[in-house]
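Enquirer: No sequence on hand, only this structure:
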Ligand code: GLU
(Lines give C-alpha, C1' and ligand atoms only; values in the text may rest on other atoms or scores of the structure.)
Protein backbone atom coordinates (compact mmCIF):
# COMPACT_ATOMS: atom_id res chain seq x y z
CA UNK A 1 0.00 0.00 0.00
CA UNK A 2 0.98 3.55 -0.67
CA UNK A 3 2.56 4.94 2.48
CA UNK A 4 1.34 8.44 1.72
CA UNK A 5 -1.74 9.41 3.72
CA UNK A 6 -4.81 9.38 1.47
CA UNK A 7 -8.21 10.34 2.82
CA UNK A 8 -11.51 10.78 1.09
CA UNK A 9 -14.78 12.59 1.46
CA UNK A 10 -17.40 10.40 -0.15
CA UNK A 11 -20.75 12.18 -0.23
CA UNK A 12 -23.87 10.97 -1.96
CA UNK A 13 -25.10 13.84 -4.11
CA UNK A 14 -28.55 14.02 -2.59
CA UNK A 15 -28.88 17.69 -1.63
CA UNK A 16 -27.25 20.54 0.25
CA UNK A 17 -24.30 19.97 2.54
CA UNK A 18 -25.10 20.01 6.25
CA UNK A 19 -22.46 21.62 8.41
CA UNK A 20 -21.71 18.18 9.84
CA UNK A 21 -20.79 17.08 6.32
CA UNK A 22 -18.44 20.01 5.89
CA UNK A 23 -16.86 19.25 9.24
CA UNK A 24 -16.25 15.69 8.01
CA UNK A 25 -14.51 17.17 4.98
CA UNK A 26 -12.52 19.47 7.20
CA UNK A 27 -11.26 16.81 9.58
CA UNK A 28 -10.26 14.56 6.68
CA UNK A 29 -8.58 17.49 4.96
CA UNK A 30 -6.73 18.66 8.09
CA UNK A 31 -5.49 15.19 8.83
CA UNK A 32 -4.29 14.68 5.25
CA UNK A 33 -2.56 18.04 5.04
CA UNK A 34 -1.03 17.68 8.51
CA UNK A 35 0.60 14.50 7.26
CA UNK A 36 1.47 15.84 3.82
CA UNK A 37 -1.14 13.57 2.26
CA UNK A 38 -3.90 13.79 -0.35
CA UNK A 39 -7.56 14.62 0.04
CA UNK A 40 -9.86 12.91 -2.43
CA UNK A 41 -13.45 13.76 -3.27
CA UNK A 42 -15.40 10.73 -4.46
CA UNK A 43 -19.02 11.07 -5.46
CA UNK A 44 -21.05 8.09 -4.23
CA UNK A 45 -23.91 8.17 -6.68
CA UNK A 46 -24.76 4.51 -7.07
CA UNK A 47 -28.26 5.00 -5.71
CA UNK A 48 -29.83 6.50 -8.81
CA UNK A 49 -33.18 6.89 -7.08
CA UNK A 50 -31.65 9.38 -4.65
CA UNK A 51 -29.69 11.31 -7.26
CA UNK A 52 -30.39 15.05 -7.19
CA UNK A 53 -29.35 17.29 -10.06
CA UNK A 54 -26.99 20.06 -9.03
CA UNK A 55 -25.92 18.40 -5.78
CA UNK A 56 -22.44 17.49 -7.04
CA UNK A 57 -21.79 21.02 -8.23
CA UNK A 58 -23.04 22.31 -4.90
CA UNK A 59 -20.54 20.08 -3.08
CA UNK A 60 -17.68 21.27 -5.28
CA UNK A 61 -18.71 24.90 -4.86
CA UNK A 62 -18.88 24.48 -1.10
CA UNK A 63 -15.40 22.98 -0.94
CA UNK A 64 -14.10 25.79 -3.13
CA UNK A 65 -15.76 28.42 -0.92
CA UNK A 66 -14.21 26.86 2.19
CA UNK A 67 -10.80 26.65 0.56
CA UNK A 68 -10.69 22.87 1.03
CA UNK A 69 -9.52 21.98 -2.44
CA UNK A 70 -9.41 18.29 -3.26
CA UNK A 71 -6.21 16.86 -4.72
CA UNK A 72 -8.32 14.42 -6.73
CA UNK A 73 -11.99 14.65 -7.68
CA UNK A 74 -14.35 14.32 -10.67
CA UNK A 75 -13.24 17.79 -11.78
CA UNK A 76 -9.67 17.89 -10.50
CA UNK A 77 -8.92 14.47 -11.97
CA UNK A 78 -6.25 12.12 -10.60
CA UNK A 79 -4.75 8.75 -11.36
CA UNK A 80 -7.37 6.79 -9.43
CA UNK A 81 -10.36 8.00 -11.46
CA UNK A 82 -13.09 8.06 -12.39
CA UNK A 83 -14.21 9.68 -9.14
CA UNK A 84 -17.95 9.11 -9.60
CA UNK A 85 -19.02 5.64 -8.56
CA UNK A 86 -21.67 5.52 -11.29
CA UNK A 87 -18.78 5.65 -13.78
CA UNK A 88 -16.98 2.79 -12.04
CA UNK A 89 -19.81 0.26 -12.39
CA UNK A 90 -17.60 -2.28 -14.20
CA UNK A 91 -15.39 -2.59 -11.13
CA UNK A 92 -17.88 -3.96 -8.67
CA UNK A 93 -19.58 -7.03 -10.11
CA UNK A 94 -16.29 -8.90 -10.12
CA UNK A 95 -15.94 -8.47 -6.34
CA UNK A 96 -19.54 -9.49 -5.73
CA UNK A 97 -18.87 -12.65 -7.78
CA UNK A 98 -15.71 -13.30 -5.79
CA UNK A 99 -17.71 -13.11 -2.57
CA UNK A 100 -20.25 -15.58 -3.97
CA UNK A 101 -17.48 -17.95 -5.01
CA UNK A 102 -15.97 -17.74 -1.53
CA UNK A 103 -19.34 -18.39 0.13
CA UNK A 104 -19.42 -14.94 1.72
CA UNK A 105 -22.36 -13.74 -0.33
CA UNK A 106 -25.41 -15.22 -2.03
CA UNK A 107 -28.02 -14.54 -4.68
CA UNK A 108 -31.42 -13.43 -3.43
CA UNK A 109 -34.36 -13.69 -5.82
CA UNK A 110 -37.07 -12.26 -3.59
CA UNK A 111 -39.34 -9.84 -5.39
CA UNK A 112 -40.42 -6.53 -3.91
CA UNK A 113 -43.81 -8.14 -3.19
CA UNK A 114 -42.14 -11.09 -1.38
CA UNK A 115 -40.21 -8.69 0.83
CA UNK A 116 -43.24 -6.59 1.52
CA UNK A 117 -45.29 -9.62 2.52
CA UNK A 118 -42.53 -10.73 4.85
CA UNK A 119 -42.25 -7.30 6.43
CA UNK A 120 -45.99 -7.24 6.98
CA UNK A 121 -45.88 -10.67 8.62
CA UNK A 122 -42.77 -10.24 10.76
CA UNK A 123 -42.44 -7.16 12.96
CA UNK A 124 -38.99 -5.53 12.59
CA UNK A 125 -38.09 -7.98 9.87
CA UNK A 126 -34.41 -8.17 9.06
CA UNK A 127 -33.01 -10.19 6.18
CA UNK A 128 -30.53 -12.07 8.33
CA UNK A 129 -29.72 -15.46 9.84
CA UNK A 130 -33.11 -15.51 11.60
CA UNK A 131 -35.11 -15.44 8.36
CA UNK A 132 -32.61 -16.16 5.60
CA UNK A 133 -33.83 -19.73 5.18
CA UNK A 134 -37.45 -18.60 4.81
CA UNK A 135 -36.57 -16.45 1.83
CA UNK A 136 -35.86 -17.16 -1.83
CA UNK A 137 -32.10 -17.27 -2.16
CA UNK A 138 -29.15 -19.42 -3.14
CA UNK A 139 -28.76 -20.62 0.45
CA UNK A 140 -32.37 -21.62 1.04
CA UNK A 141 -33.14 -23.06 -2.43
CA UNK A 142 -31.77 -26.32 -3.87
CA UNK A 143 -28.77 -25.90 -6.15
CA UNK A 144 -30.58 -26.93 -9.33
CA UNK A 145 -33.36 -24.44 -8.71
CA UNK A 146 -30.81 -21.67 -8.24
CA UNK A 147 -29.09 -22.69 -11.48
CA UNK A 148 -32.42 -22.60 -13.26
CA UNK A 149 -33.32 -19.17 -11.91
CA UNK A 150 -29.95 -17.81 -12.98
CA UNK A 151 -30.23 -19.43 -16.40
CA UNK A 152 -33.61 -17.78 -16.91
CA UNK A 153 -32.15 -14.40 -16.02
CA UNK A 154 -34.40 -14.06 -13.00
CA UNK A 155 -33.62 -10.72 -11.40
CA UNK A 156 -31.52 -11.06 -8.27
CA UNK A 157 -29.56 -9.05 -5.79
CA UNK A 158 -26.37 -10.22 -4.11
CA UNK A 159 -26.37 -10.14 -0.31
CA UNK A 160 -23.50 -10.52 2.11
CA UNK A 161 -23.76 -13.63 4.25
CA UNK A 162 -23.13 -12.38 7.75
CA UNK A 163 -21.47 -15.13 9.77
CA UNK A 164 -23.13 -16.51 12.93
CA UNK A 165 -21.81 -15.88 16.43
CA UNK A 166 -18.85 -13.71 15.61
CA UNK A 167 -17.59 -10.63 17.36
CA UNK A 168 -16.63 -8.11 14.74
CA UNK A 169 -14.11 -5.67 16.10
CA UNK A 170 -12.08 -2.70 14.97
CA UNK A 171 -10.12 0.11 16.55
CA UNK A 172 -11.73 3.46 15.92
CA UNK A 173 -9.16 6.25 15.95
CA UNK A 174 -11.42 8.34 18.18
CA UNK A 175 -13.43 5.78 20.14
CA UNK A 176 -10.94 3.00 20.64
CA UNK A 177 -12.06 -0.60 20.24
CA UNK A 178 -15.62 -0.96 19.00
CA UNK A 179 -17.23 -4.38 18.71
CA UNK A 180 -20.40 -5.73 17.18
CA UNK A 181 -22.27 -9.00 17.56
CA UNK A 182 -22.58 -10.46 14.08
CA UNK A 183 -25.94 -11.97 15.00
CA UNK A 184 -27.43 -8.48 15.14
CA UNK A 185 -26.21 -7.51 11.67
CA UNK A 186 -28.40 -8.09 8.62
CA UNK A 187 -27.39 -9.49 5.24
CA UNK A 188 -27.04 -6.19 3.43
CA UNK A 189 -27.53 -6.03 -0.32
CA UNK A 190 -24.18 -5.56 -2.04
CA UNK A 191 -25.18 -5.58 -5.69
CA UNK A 192 -28.60 -4.50 -6.89
CA UNK A 193 -30.71 -6.04 -9.63
CA UNK A 194 -29.60 -3.31 -12.05
CA UNK A 195 -25.96 -4.33 -11.55
CA UNK A 196 -25.17 -1.24 -9.51
CA UNK A 197 -23.36 -1.82 -6.24
CA UNK A 198 -24.86 -0.52 -3.03
CA UNK A 199 -22.91 1.89 -0.91
CA UNK A 200 -21.54 -0.97 1.23
CA UNK A 201 -19.78 -2.78 -1.59
CA UNK A 202 -18.76 0.35 -3.46
CA UNK A 203 -17.25 2.09 -0.45
CA UNK A 204 -15.04 -0.87 0.36
CA UNK A 205 -13.98 -1.57 -3.21
CA UNK A 206 -13.22 2.06 -3.92
CA UNK A 207 -11.40 2.73 -0.68
CA UNK A 208 -9.22 -0.22 -1.68
CA UNK A 209 -8.72 0.74 -5.33
CA UNK A 210 -8.07 4.36 -4.42
CA UNK A 211 -5.54 3.30 -1.77
CA UNK A 212 -7.31 5.18 1.00
CA UNK A 213 -5.33 4.99 4.22
CA UNK A 214 -7.69 6.76 6.63
CA UNK A 215 -11.44 7.24 6.49
CA UNK A 216 -13.23 9.62 8.84
CA UNK A 217 -16.97 9.85 8.59
CA UNK A 218 -19.98 10.78 10.67
CA UNK A 219 -21.02 8.71 13.67
CA UNK A 220 -24.22 7.75 11.84
CA UNK A 221 -22.09 5.35 9.75
CA UNK A 222 -20.91 3.37 12.74
CA UNK A 223 -23.68 0.74 12.40
CA UNK A 224 -22.44 0.03 8.85
CA UNK A 225 -18.90 -0.61 10.04
CA UNK A 226 -19.32 -4.38 10.72
CA UNK A 227 -20.45 -4.97 7.14
CA UNK A 228 -17.49 -3.00 5.82
CA UNK A 229 -15.04 -4.79 8.08
CA UNK A 230 -16.29 -8.17 6.90
CA UNK A 231 -16.03 -7.08 3.27
CA UNK A 232 -12.47 -5.93 3.85
CA UNK A 233 -11.68 -9.23 5.50
CA UNK A 234 -13.22 -11.30 2.69
CA UNK A 235 -11.91 -9.24 -0.24
CA UNK A 236 -8.64 -7.57 0.57
CA UNK A 237 -7.47 -8.50 4.05
CA UNK A 238 -7.90 -6.48 7.22
CA UNK A 239 -4.30 -5.31 7.20
CA UNK A 240 -5.09 -3.18 4.15
CA UNK A 241 -8.21 -1.64 5.66
CA UNK A 242 -8.05 2.13 6.17
CA UNK A 243 -7.95 3.36 9.73
CA UNK A 244 -11.44 4.44 10.66
CA UNK A 245 -12.70 7.26 12.82
CA UNK A 246 -16.34 8.05 13.37
CA UNK A 247 -16.75 11.72 14.12
CA UNK A 248 -19.06 12.84 16.93
CA UNK A 249 -22.42 14.28 16.00
CA UNK A 250 -23.15 17.97 15.88
CA UNK A 251 -26.01 18.39 18.32
CA UNK A 252 -28.99 20.72 18.59
CA UNK A 253 -28.32 23.84 20.70
CA UNK A 254 -29.99 22.19 23.71
CA UNK A 255 -27.87 19.08 23.24
CA UNK A 256 -30.94 16.96 22.57
CA UNK A 257 -30.11 14.93 19.48
CA UNK A 258 -28.55 15.55 16.12
CA UNK A 259 -28.81 19.03 14.61
CA UNK A 260 -31.15 18.85 11.66
CA UNK A 261 -32.11 21.10 8.80
CA UNK A 262 -35.46 21.54 10.51
CA UNK A 263 -33.80 22.86 13.70
CA UNK A 264 -32.26 25.62 11.61
CA UNK A 265 -35.63 26.49 10.12
CA UNK A 266 -37.28 26.41 13.54
CA UNK A 267 -34.62 28.46 15.32
CA UNK A 268 -33.74 30.76 12.43
CA UNK A 269 -30.15 29.87 11.64
CA UNK A 270 -28.42 28.16 8.74
CA UNK A 271 -27.48 24.50 8.89
CA UNK A 272 -26.27 24.15 5.30
CA UNK A 273 -22.94 25.52 4.11
CA UNK A 274 -24.46 27.49 1.24
CA UNK A 275 -27.98 28.17 0.01
CA UNK A 276 -29.55 25.08 -1.48
CA UNK A 277 -32.59 25.03 -3.70
CA UNK A 278 -34.20 21.65 -4.03
CA UNK A 279 -34.70 21.21 -7.79
CA UNK A 280 -37.83 19.12 -7.23
CA UNK A 281 -39.71 21.36 -4.82
CA UNK A 282 -37.92 24.67 -5.37
CA UNK A 283 -37.71 24.95 -1.58
CA UNK A 284 -34.67 26.99 -0.57
CA UNK A 285 -32.60 26.27 2.49
CA UNK A 286 -30.38 29.10 3.64
CA UNK A 287 -26.64 28.70 3.97
CA UNK A 288 -23.86 30.16 6.08
CA UNK A 289 -22.31 31.78 3.03
CA UNK A 290 -25.40 33.75 2.06
CA UNK A 291 -26.12 34.62 5.68
CA UNK A 292 -22.87 36.55 5.54
CA UNK A 293 -20.29 34.23 7.06
CA UNK A 294 -16.69 34.43 5.95
CA UNK A 295 -15.29 31.08 4.85
CA UNK A 296 -12.38 31.50 7.30
CA UNK A 297 -14.87 31.84 10.15
CA UNK A 298 -17.01 28.94 8.95
CA UNK A 299 -14.01 26.63 8.77
CA UNK A 300 -12.77 27.85 12.15
CA UNK A 301 -16.08 27.33 13.92
CA UNK A 302 -16.51 23.89 12.39
CA UNK A 303 -13.08 22.83 13.58
CA UNK A 304 -14.00 23.86 17.11
CA UNK A 305 -17.13 21.68 16.96
CA UNK A 306 -15.41 18.61 18.27
CA UNK A 307 -11.74 19.61 18.38
CA UNK A 308 -9.41 21.94 20.30
CA UNK A 309 -5.65 22.20 20.61
CA UNK A 310 -5.66 21.67 24.36
CA UNK A 311 -5.45 25.39 25.16
CA UNK A 312 -8.07 28.16 25.28
CA UNK A 313 -7.20 29.30 21.79
CA UNK A 314 -10.27 29.49 19.60
CA UNK A 315 -9.30 31.50 16.55
CA UNK A 316 -7.39 29.42 14.04
CA UNK A 317 -6.58 29.99 10.40
CA UNK A 318 -6.68 27.01 8.09
CA UNK A 319 -2.87 26.89 8.15
CA UNK A 320 -2.88 26.87 11.95
CA UNK A 321 -5.49 24.13 11.97
CA UNK A 322 -3.41 22.03 9.60
CA UNK A 323 -0.36 22.50 11.78
CA UNK A 324 -2.17 21.76 15.04
CA UNK A 325 -4.70 19.08 14.07
CA UNK A 326 -4.55 15.67 15.64
CA UNK A 327 -7.21 13.04 16.03
CA UNK A 328 -6.45 12.46 19.68
CA UNK A 329 -7.88 15.88 20.44
CA UNK A 330 -11.21 15.12 18.74
CA UNK A 331 -13.88 14.55 21.39
CA UNK A 332 -15.89 11.38 21.57
CA UNK A 333 -19.08 13.14 22.65
CA UNK A 334 -21.33 15.23 20.43
CA UNK A 335 -20.68 18.95 20.05
CA UNK A 336 -23.55 21.37 20.70
CA UNK A 337 -24.10 23.94 17.99
CA UNK A 338 -24.43 27.49 19.31
CA UNK A 339 -25.40 30.05 16.67
CA UNK A 340 -24.43 33.04 18.82
CA UNK A 341 -20.97 31.54 19.17
CA UNK A 342 -20.85 30.95 15.42
CA UNK A 343 -21.57 34.65 14.89
CA UNK A 344 -18.84 35.53 17.38
CA UNK A 345 -16.34 33.58 15.27
CA UNK A 346 -17.47 35.52 12.24
CA UNK A 347 -17.12 38.82 14.04
CA UNK A 348 -13.58 37.91 15.06
CA UNK A 349 -12.71 37.10 11.45
CA UNK A 350 -14.34 40.30 10.21
CA UNK A 351 -12.16 42.22 12.66
CA UNK A 352 -9.06 40.43 11.39
CA UNK A 353 -9.80 41.04 7.74
CA UNK A 354 -8.29 44.09 6.03
CA UNK A 355 -10.71 46.86 5.09
CA UNK A 356 -10.02 46.66 1.37
CA UNK A 357 -10.93 42.97 1.13
CA UNK A 358 -13.96 43.49 3.33
CA UNK A 359 -15.11 46.32 1.08
CA UNK A 360 -15.18 43.93 -1.87
CA UNK A 361 -17.26 41.43 0.09
CA UNK A 362 -19.63 44.02 1.53
CA UNK A 363 -20.27 45.98 -1.67
CA UNK A 364 -22.88 43.59 -3.11
CA UNK A 365 -24.93 43.84 0.08
CA UNK A 366 -24.85 47.64 -0.06
CA UNK A 367 -25.77 47.70 -3.73
CA UNK A 368 -28.65 45.35 -2.98
CA UNK A 369 -29.85 47.82 -0.33
CA UNK A 370 -29.72 50.66 -2.91
CA UNK A 371 -26.83 52.36 -1.18
CA UNK A 372 -24.86 54.47 -3.63
CA UNK A 373 -21.10 54.35 -3.16
CA UNK A 374 -19.44 57.34 -4.80
CA UNK A 375 -15.90 56.65 -3.75
CA UNK A 376 -14.29 53.34 -3.00
CA UNK A 377 -11.84 54.92 -0.55
CA UNK A 378 -14.80 56.34 1.39
CA UNK A 379 -16.31 52.86 1.66
CA UNK A 380 -12.99 51.46 2.89
CA UNK A 381 -12.82 54.16 5.56
CA UNK A 382 -16.41 53.47 6.69
CA UNK A 383 -15.69 49.75 6.88
CA UNK A 384 -12.77 50.44 9.17
CA UNK A 385 -15.03 52.44 11.48
CA UNK A 386 -17.83 49.91 11.79
CA UNK A 387 -16.36 46.46 11.31
CA UNK A 388 -15.99 45.77 15.03
CA UNK A 389 -19.77 46.06 15.30
CA UNK A 390 -20.63 43.60 12.56
CA UNK A 391 -21.24 39.92 13.17
CA UNK A 392 -22.44 39.08 9.68
CA UNK A 393 -21.76 40.74 6.33
CA UNK A 394 -25.34 42.11 5.99
CA UNK A 395 -24.80 43.94 9.31
CA UNK A 396 -22.61 46.31 7.31
CA UNK A 397 -25.76 47.62 5.64
CA UNK A 398 -27.47 48.70 8.85
CA UNK A 399 -24.24 49.83 10.45
CA UNK A 400 -23.15 51.93 7.48
CA UNK A 401 -26.22 53.27 5.69
CA UNK A 402 -26.11 56.65 7.51
CA UNK A 403 -22.63 57.23 6.13
CA UNK A 404 -24.07 57.28 2.64
CA UNK A 405 -27.06 59.53 3.26
CA UNK A 406 -29.11 61.05 6.07
CA UNK A 407 -31.10 58.49 8.05
CA UNK A 408 -34.69 58.19 6.93
CA UNK A 409 -35.99 57.23 10.36
CA UNK A 410 -34.91 59.34 13.32
CA UNK A 411 -35.64 58.15 16.80
CA UNK A 412 -36.50 61.59 18.20
CA UNK A 413 -38.73 59.88 20.76
CA UNK A 414 -35.55 58.92 22.61
CA UNK A 415 -34.44 62.55 22.81
CA UNK A 416 -37.76 64.31 23.39
CA UNK A 417 -38.33 63.49 27.13
CA UNK A 418 -35.12 65.24 28.19
CA UNK A 419 -35.16 67.93 25.55
CA UNK A 420 -35.14 71.55 26.77
CA UNK A 421 -34.30 75.07 25.67
CA UNK A 422 -30.73 74.80 26.89
CA UNK A 423 -30.09 71.84 24.62
CA UNK A 424 -31.93 73.51 21.81
CA UNK A 425 -29.64 76.54 22.14
CA UNK A 426 -26.57 74.37 22.29
CA UNK A 427 -27.38 72.52 19.08
CA UNK A 428 -28.44 75.75 17.37
CA UNK A 429 -25.02 77.16 18.08
CA UNK A 430 -23.21 73.94 17.18
CA UNK A 431 -24.89 73.73 13.81
CA UNK A 432 -24.26 77.41 13.20
CA UNK A 433 -20.55 76.85 13.99
CA UNK A 434 -20.37 73.94 11.57
CA UNK A 435 -22.22 75.92 8.88
CA UNK A 436 -19.83 78.82 9.31
CA UNK A 437 -16.80 76.57 8.96
CA UNK A 438 -18.28 74.94 5.91
CA UNK A 439 -18.89 78.38 4.37
CA UNK A 440 -15.26 79.21 5.08
CA UNK A 441 -14.26 76.16 3.05
CA UNK A 442 -13.39 73.98 6.02
CA UNK A 443 -14.88 70.68 5.05
CA UNK A 444 -14.03 68.62 8.09
CA UNK A 445 -11.79 68.23 11.14
CA UNK A 446 -10.22 65.27 12.85
CA UNK A 447 -12.52 63.62 15.38
CA UNK A 448 -10.39 64.73 18.34
CA UNK A 449 -10.60 68.38 17.37
CA UNK A 450 -14.34 68.10 16.82
CA UNK A 451 -14.68 66.57 20.24
CA UNK A 452 -12.76 69.27 22.07
CA UNK A 453 -14.66 72.04 20.27
CA UNK A 454 -17.90 70.29 21.20
CA UNK A 455 -16.87 70.07 24.86
CA UNK A 456 -15.85 73.68 24.92
CA UNK A 457 -19.24 74.71 23.62
CA UNK A 458 -20.95 72.46 26.17
CA UNK A 459 -19.03 74.18 28.97
CA UNK A 460 -20.11 77.54 27.61
CA UNK A 461 -23.73 76.40 27.71
CA UNK A 462 -23.24 74.82 31.13
CA UNK A 463 -24.35 71.38 30.04
CA UNK A 464 -22.50 68.16 30.75
CA UNK A 465 -21.21 66.80 27.42
CA UNK A 466 -22.52 63.38 28.42
CA UNK A 467 -26.09 64.67 28.22
CA UNK A 468 -25.54 65.86 24.67
CA UNK A 469 -24.00 62.74 23.21
CA UNK A 470 -27.17 60.73 22.79
CA UNK A 471 -29.08 63.56 21.06
CA UNK A 472 -26.10 64.15 18.77
CA UNK A 473 -25.86 60.47 17.91
CA UNK A 474 -29.54 60.23 17.10
CA UNK A 475 -29.37 63.35 14.96
CA UNK A 476 -26.51 61.89 12.92
CA UNK A 477 -27.36 58.21 12.83
CA UNK A 478 -31.10 58.04 13.45
CA UNK A 479 -30.78 55.64 16.39
CA UNK A 480 -28.71 54.50 19.34
CA UNK A 481 -25.94 52.74 17.44
CA UNK A 482 -22.83 53.33 15.39
CA UNK A 483 -19.21 54.20 16.07
CA UNK A 484 -17.97 57.33 17.87
CA UNK A 485 -20.01 60.43 17.00
CA UNK A 486 -17.00 62.59 16.22
CA UNK A 487 -15.60 59.96 13.91
CA UNK A 488 -18.95 60.02 12.17
CA UNK A 489 -18.83 63.80 11.79
CA UNK A 490 -15.26 63.65 10.58
CA UNK A 491 -16.35 61.16 7.94
CA UNK A 492 -19.66 62.58 6.75
CA UNK A 493 -18.12 66.08 7.02
CA UNK A 494 -19.48 69.30 8.50
CA UNK A 495 -22.00 70.13 5.80
CA UNK A 496 -23.93 66.91 6.19
CA UNK A 497 -23.62 67.03 9.95
CA UNK A 498 -25.11 70.53 9.95
CA UNK A 499 -28.10 69.59 7.87
CA UNK A 500 -28.77 66.48 9.96
CA UNK A 501 -28.64 68.46 13.20
CA UNK A 502 -30.87 71.18 11.77
CA UNK A 503 -33.35 68.69 10.40
CA UNK A 504 -33.67 67.03 13.77
CA UNK A 505 -34.00 70.36 15.56
CA UNK A 506 -36.89 71.25 13.30
CA UNK A 507 -38.65 67.98 14.15
CA UNK A 508 -38.08 68.52 17.87
CA UNK A 509 -39.31 72.09 17.86
CA UNK A 510 -42.39 71.11 15.86
CA UNK A 511 -43.43 68.68 18.62
N1 LIG B 1 -21.70 7.98 0.82
C2 LIG B 1 -21.65 8.10 2.24
C3 LIG B 1 -22.28 9.43 2.63
O4 LIG B 1 -23.11 9.88 1.93
C5 LIG B 1 -20.23 7.97 2.70
C6 LIG B 1 -20.02 7.49 4.08
C7 LIG B 1 -18.55 7.11 4.24
O8 LIG B 1 -17.74 8.05 4.33
O9 LIG B 1 -18.22 5.93 4.26
O10 LIG B 1 -21.94 10.06 3.60
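Expert: Sure, I can see it. Given the structure is predicted, the values throughout are model-derived calculations rather than measurements.

Enquirer: Just the pLDDT for the closest residue to the ligand within the stretch 251-400 of the chain.
Expert: When scored by C-beta to the nearest ligand atom, the stretch 251-400 of the chain has residue 258 as its residue closest to the ligand, at 13.9 Å. C-betas here are computed from N, CA, C, even on glycine. Note for residue 258: predicted pLDDT of 94.

Enquirer: Same question for residue 1.
Expert: Reported pLDDT for residue 1: 39.

Enquirer: And for residue 124?
Expert: Residue 124 is given a pLDDT of 94.

Enquirer: so how many other residues sit close to it?
Expert: By other C-beta atoms under 10 Å, 5 other residues sit near residue 124.

Enquirer: residue contacts, it?
Expert: Shown in contact with residue 124 (C-beta atoms under 8 Å, 6 or more residues apart in numbering): no residues.

Enquirer: Is it within a helix or a strand, and which one?
Expert: Under the assignment given by DSSP states H and E, residue 124 is not contained in any helix or strand.

Enquirer: okay, now residue 56: neighbour count?
Expert: Quick note: residue 56 (other C-beta under 10 Å) scores 20 neighbours.

Enquirer: What strand or helix carries it?
Expert: Residue 56 belongs to helix 55-66, assigned by DSSP H and E.

Enquirer: how far out from the middle of the chain is that helix?
Expert: 11 Å (C-alpha atoms, centre = their mean, to the nearest Å).

Enquirer: Give me the nearest residue to the residue of the stretch 251-400 of the chain closest to the ligand, chain neighbours excluded.
Expert: Nearest residue to residue 258, sequence neighbours excluded (C-beta to C-beta, 6 or more residues apart in numbering): residue 249, at 4.9 Å.

Enquirer: what about that neighbour, how many neighbours?
Expert: Neighbours around residue 249, by other C-beta under 10 Å: 19.

Enquirer: name the element the closest residue in space to residue 464 that isn't next to it in sequence belongs to?
Expert: Nearest residue to residue 464, sequence neighbours excluded (C-beta to C-beta, 6+ apart): residue 458, at 7.0 Å. Using DSSP H and E, residue 458 sits within helix 447-460.

Enquirer: Alongside the ligand, which residues does the stretch 201-350 of the chain contribute?
Expert: 203, 217, 221 (C-beta under 6 Å from any ligand atom).

Enquirer: change it to 5 Å
Expert: 203, 217 (C-beta under 5 Å from any ligand atom).

Enquirer: For the stretch 201-350 of the chain, which segments are assigned as helices?
Expert: Here the stretch 201-350 of the chain has its helices, by DSSP state H, counting those that start in this stretch, at 225-235, 261-267, 288-291, 295-303, 318-324, 339-352.

Enquirer: Take those helices and write them to CSV, including mean neighbour count and mean pLDDT.
Expert: Output for those, formatted as CSV (neighbours: other C-beta atoms under 10 Å; pLDDT from 0 to 100):
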stretch, mean neighbour count, mean pLDDT
helix 225-235, 21, 98
helix 261-267, 15, 92
helix 288-291, 21, 96
helix 295-303, 24, 98
helix 318-324, 16, 98
helix 339-352, 19, 98
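
Enquirer: From the ligand, how far out is residue 120?
Expert: 30 Å (C-beta to the nearest ligand atom, to the nearest Å).

Enquirer: Skipping adjacent residues, who's closest to residue 396 in space?
Expert: Residue 396 sits nearest to residue 362 (C-beta to C-beta, 6+ apart), 4.4 Å away.

Enquirer: element containing the one you found?
Expert: Assigned by DSSP H and E, residue 362 falls in helix 355-368.

Enquirer: Give me the angle between the helix or strand just after that helix and helix 339-352.
Expert: Note on helix 355-368: by DSSP H and E, the next helix or strand toward the C-terminus is helix 376-386. Orientation check (axes from the mean of the first three to the mean of the last three C-alpha atoms, to 10 degrees): helix 376-386 against helix 339-352 gives 130 degrees.

Enquirer: So for the helix or strand following helix 376-386, what gets flagged as buried?
Expert: Downstream of helix 376-386, the next assigned helix or strand under DSSP H and E is helix 395-400. Residues of helix 395-400 classed as buried: 395, 396, 397, 399, 400 (neighbour count, 16 or more other C-beta atoms under 10 Å).

Enquirer: burial count for the closest residue to residue 181 other than its chain neighbours?
Expert: Among residues not flanking residue 181 along the chain, residue 167 sits closest, at 6.5 Å (C-beta to C-beta, 6+ apart). Around residue 167 there are 10 other residues, counting by other C-beta under 10 Å.

Enquirer: Is it correct that residue 167 is in contact with residue 184?
Expert: No - the criterion here is C-beta atoms under 8 Å, and residue 167 misses it with residue 184 at 11.0 Å.

Enquirer: coming back round to it: which strands or helices does the helix holding residue 458 pack on?
Expert: helix 421-439, helix 465-477, helix 485-510 (3 or more C-beta pairs under 8 Å, 6 or more residues apart in numbering; DSSP states H and E).

Enquirer: What residues sit buried inside the second one?
Expert: Using 16+ other C-beta under 10 Å as the burial criterion, the residues of helix 465-477 that qualify are 468, 471, 472, 473, 474, 475, 476, 477.
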